[in-house]
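>>> Kindly generate the corresponding structure for this input.
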Amino acid sequence: MKVFFVIPPSISRLDSYAYDAADKADVPRIWVGILYVAAALREKLAITPVIIDAPASGMGLEEIERLVAEEKPDIVAFSVLTFNLVACLRVAEAVKKVHHETVVCFGGWHPTLYPSETLGLGVVDYVVIGEGEETFCELVSALQSARKPDAQVLGNIKGIGFRDASGNAVITATRVPITKLDEIPFPAYDLIDLKRYSNILADSTENISILTTRGCPHACTFCDIRKSRYRYRSPEKVMEEIRYWHDKGIAEFYIQDDNFTINRKRAIELCRLIIDSGLKVRYKISSRVDHLDDELVGYLKRSGCHRINFGVESGSQRVLDYLQKGIKVEQIHQAFQLAKKHRISTFAYIMIGTPVETDEDYEHTARLISIVKPDHLHCSICTPMPETHLYRTLLKEGGISTDYWREFAVAPTAEFSTPFCNPLYSDEELRAMQNSIQKKFYLQPRVILNEVKRMRDLETVVKKARLAFKVLLG
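The predicted structure follows:
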């Protein structure tokens, strides 16, 4: 059975909450979730899928059409976010046009939130709801047995959606999130060409992401994994993966967990394993500011951690409380001081334009950044994302008048514009503030000099220079 995973070309995109110039820089990123599902498919069903990453390979829609017409895959699967839904649909329509028998499957966050609406779009045969490693493999196994499995067979697969003989959407029972993460095979990085991917903040040309946890117990209202079940891999299994990639020549890693340091004991155990292994690796993590202490940061530094990403969001305690971050401004100062003490670089993620933000709150954030002096900064605009607590609260309280994300899910169009949610500033004013913050920060001499010092080879220098010109001047 031939299975394709497709990352669509950038033929359509919604306006993003991210920094506008960076968002439009078209820098390919590795879709680690797809690599995990691909690895599971290969291990469980002995099927090696083909990964078509259009942005990384430079493929356009016509080239994908030609490839599908030639190869006639049995299944074409997509990892779909609300922001790339329209592009995924365009490719799916092209697939059906050149080979109608190909089964189209949508997985990812968007169909997880809107399964029935996604099936209602017509071109989608199946949706995978939630984590895909088990669910997608069971679906593919059923399709191996019969091109059109009957409803009873499909109904026994938890966590999928399909259309019955009458065309009605059927959503099966919920699948419990995977608890034994150690049993999931390492992501199938061998199916992609790492050299095609650039990370403007990486120190080397080849680096990979490692996922050691899933879920988050915290209550941030804007987050799509708010209060979700927190699960983690054992330190020994993570160390096994680090050694596996290190033996293949990879020495730089991004631990892609939303919060690596939630379980302090586990984090220190992994640091000790890395130190004791003698491997010379460098890695970066993300952490809440209230989950660090001097001993832990010391272990991070000695084991090769060279950057910590912090979700700062705001320098205003009023805004932090509104977002239910569960942190104090003083804890932000302390976290940056700890990182600087141990000579670990810092990345601050801030957010402007929350529904309650005023000029005074904005100034608090600007003042905080000038004091803690992060090495890197990303400023986003607060955007109520689909089905988040913030979005549902604004709908309930009248801050949002219509359920526009559901309306978009039912009838997606490229013309849709992502609304922001601050009554004091217009969308244009928020964009101008965001772009001003980013450019002002990255044009500081200290920031430029520090970044140049971190570059380790000429190829990295060239890539970063090109990307920087796109982001700052484009």
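>>> Tell me the helix or strand right after the least confident helix or strand in the chain by mean pLDDT.
Lowest by mean pLDDT, DSSP states H and E among the helices and strands of the chain is helix 20-23, with a mean of 50. Toward the C-terminus, helix 20-23 is succeeded by helix 32-45 as the next helix or strand (DSSP states H and E).
>>> quick one: that following helix to chain centroid distance?
Centroid separation for helix 32-45 versus its chain: 17 Å, with CA atoms, centre = their mean, to the nearest Å.
>>> Span of stretch 354-364 from start to end?
With CA to CA, to the nearest Å as the measure, stretch 354-364 spans 14 Å from end to end.
>>> what's the average pLDDT for it?
For stretch 354-364, mean pLDDT is 97.
>>> please begin residue numbering at 26 from this point
With 26 as the first residue, the last one maps to stretch 379-389.
>>> Show me which positions of that stretch end up buried.
379-382, 386-387, 389 (16 or more other CB atoms under 10 Å). From N, CA and C alone the C-beta is placed, and that goes for glycine too.
>>> just stretch 70-85 next, same as before
70, 72, 74, 76-82, 84.
>>> Closest to S341 out of those residues?
P80 (36.6 Å; CB to CB).
>>> quick check, that closest one in a strand?
No: secondary structure of P80 (DSSP: H, G, I helix; E, B strand; the rest coil): helix, not part of a strand.
>>> That one: what's it in contact with?
Each residue near P80 by CB atoms under 8 Å, 6 or more residues apart in numbering is listed here: 32, 34-35, 51, 53.
>>> Helix, strand, or coil at F30?
strand.
>>> Pull up the per-residue confidence for it.
Reading off the model, F30 has pLDDT 98.
>>> So it sits against P74, correct?
Yes: F30 lies in contact with P74 (CB atoms under 8 Å); the separation is 5.6 Å.
>>> Give me the number of neighbouring residues for L146.
Neighbours of L146 under the rule other CB atoms under 10 Å: 20.
>>> how about the buried residues of stretch 70-85, which pair is most distant?
Going by CB to CB, the pair spanning these furthest: L70 and P80, at 27.6 Å.
>>> Show me how the protein divides into domains.
Following automatic domain parsing, one finds the domains of the chain at 28-196, 224-408+445-498.
>>> Distance to D215 added to those domains, as TSV?
Formatted as TSV, those follow (distance: least, CB to CB, whole Å):
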stretch	distance to D215
domain 28-196	9
domain 224-408+445-498	9
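>>> Quick one, which of these gets closest to G424.
Once the domains of the chain are compared by CB to CB, domain 224-408+445-498 is nearest, at 5.8 Å.
>>> mind listing the helices for the stretch 276-425 of the chain?
289-302, 319-327, 342-347, 354-366, 384-397, 414-422 (DSSP state H, counting those that start in this stretch).
>>> Ok, which of those comes nearest L474?
Of those, nearest to L474 by CB to CB is helix 354-366, at 16.3 Å.
>>> R289 is in contact with L321, isn't it?
Yes: using CB under 8 Å, R289 is in contact with L321, at 6.0 Å.
>>> Neighbour-wise, give me the winner out of the contacts of P80.
I32 (25 neighbours).
>>> Next, the contact list for the residue lying closest to it once chain neighbours are set aside, please.
Leaving out its chain neighbours, the residue that sits closest to I32 by CB to CB, 6 or more residues apart in numbering is D78, at 4.5 Å. By CB under 8 Å, 6+ apart, the residues touching D78 are 32, 53, 56, 217, 221.
>>> Quick check: which of those has the minimum pLDDT.
Minimum confidence in the contacts of D78 sits at P53, scoring 85.
>>> Please give the number of neighbouring residues around Y467.
16.
>>> Test my guess that it contacts L402.
Yes: assessed by CB under 8 Å, Y467 is found in contact with L402 at 7.5 Å.
>>> neighbour count winner among R289 and L321?
Neighbour tally, R289 and L321, criterion other CB under 10 Å: the higher count belongs to L321, 19 against 14.
>>> pretty sure that one is touching N288, no?
No: counting by CB under 8 Å, L321 stays clear of N288, with 10.9 Å between them.
>>> picking that back up, need the contacts of P80 in TSV (columns: distance to S451).
Shown next, in TSV, are these (distance: CB to CB, whole Å):
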residue	distance to S451
I32	34
P34	32
S35	27
D51	27
P53	33
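>>> Contacts for stretch 209-216 next, please.
55, 57, 60-61, 63-65, 67-68, 73-76, 158, 203, 233-234, 236, 266, 269-270.
>>> ok, of those, which come out buried?
Judged by 16+ other CB under 10 Å, buried ones among those: 55, 57, 60-61, 63-65, 67-68, 74, 76, 158, 203, 233-234, 236, 266, 270.
>>> mind checking how far A117 is from N193?
Distance of A117 to N193, given as CB to CB, to the nearest Å: 20 Å.
>>> So for these two, which sits in the more crowded spot?
The neighbour count for A117 versus N193, taken as other CB under 10 Å, is higher for A117 (24 against 11).
>>> Could I get the phi/psi values of the more buried one?
Phi and psi for A117, reported as degrees, to the nearest 10, are phi -60, psi -40.
>>> Surely it and V149 touch.
Yes: here A117 reaches V149: they are 6.6 Å apart, a contact under CB under 8 Å.
>>> which residues are in contact with both of those two?
Joint contacts of A117 and V149 (CB under 8 Å, 6+ apart) are 129, 131.
>>> which residues in the stretch 126-275 of the chain form strands?
128-132, 151-153, 185-188, 194-196, 233-235, 238-239, 256-257 (DSSP state E, counting those that start in this stretch).
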